[in-house]
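> when you get a sec, could you give me coordinates for this:
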Amino acid sequence: MQQILLPMIDAIQIRRSCRQFHPVPLTSDHAGPVRKFLLEMKTPFDHQVSMTYHAVLQNKDIVYFQGPKQFIALSSTRSPVDQAKLGFLGEQMVLFSESIGVRTCWMGHYKTKEVQEI
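Next comes the predicted model:
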């Protein structure tokens, strides 16, 4: 836990939301650790949040601007407790990504049809 906690504290201090994306996928040096953290994330509570990593297919856009080439989708029920848990888990993912040099941004608005196809 200590190994993860200290980089997270550093990540909190330098965190900046990034809304301009490089038009290339993450390298395996970044995508591998992100996927591993996503699968092995420890939480202080039980939850029903679904978290999945996706690559955007070539010539597809999931947002109404030049978007990322990959994203993590989080979903849960609409209950306030589940939504709070989703936010906590999402921020854990954001801070981990930041700690390994991957800039992130929450996307609350997206092209529903395109995301469903992915």
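
> going by C-alpha atoms from here, please, whenever you check contacts or count neighbours.
OK.

> list the buried ones in whichever helix or strand F88 is part of?
With secondary structure defined by DSSP states H and E, F88 is part of helix 80-99. Using 16 or more other CA atoms under 10 Å as the test for burial, helix 80-99 gives 82-83, 85-86, 89-90, 92-99.

> so what's the residue nearest the centre of the chain bridging to?
Centroid check for the chain by CA atoms, centre = their mean gives I72 as the closest residue, at 4.3 Å. Under DSSP bridges, the beta-bridge partners of I72 are Y53.

> need the helices for the protein, in chain order.
Here the chain has its helices, by DSSP state H, at 2-14, 28-40, 80-99, 112-117.

> now the ones you listed as a markdown table including distance to V49 and mean pLDDT?
Conversion of these to a markdown table gives the following (distance: least, CA to CA, whole Å; pLDDT from 0 to 100):
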| stretch | distance to V49 | mean pLDDT |
| --- | --- | --- |
| helix 2-14 | 21 | 67 |
| helix 28-40 | 12 | 94 |
| helix 80-99 | 6 | 91 |
| helix 112-117 | 17 | 63 |
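
> need those in CSV with distance to P68, can you?
What follows is the helices of the chain, written out as CSV (distance: least, CA to CA, whole Å):
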stretch, distance to P68
helix 2-14, 21
helix 28-40, 13
helix 80-99, 14
helix 112-117, 12
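
> quick check: which of those helices is nearest to D46?
Shortest distance between D46 and the helices of the chain, using CA to CA, is found for helix 80-99: 9.1 Å.

> the closest one - contacts with which helices or strands?
Under the contact definition 3 or more CA pairs under 8 Å, 6 or more residues apart in numbering; DSSP states H and E, helix 80-99 sits against helix 2-14, helix 28-40, strand 70-75.

> quick one, what contacts A84?
For A84, the contact set (CA atoms under 8 Å, 6 or more residues apart in numbering) is empty.

> switch the cut-off to 10 Å
Contact analysis of A84 by CA atoms under 10 Å, 6 or more residues apart in numbering lists S76, R78, G90.

> out of the residues you listed, which is nearest to G32?
G90 (17.6 Å).
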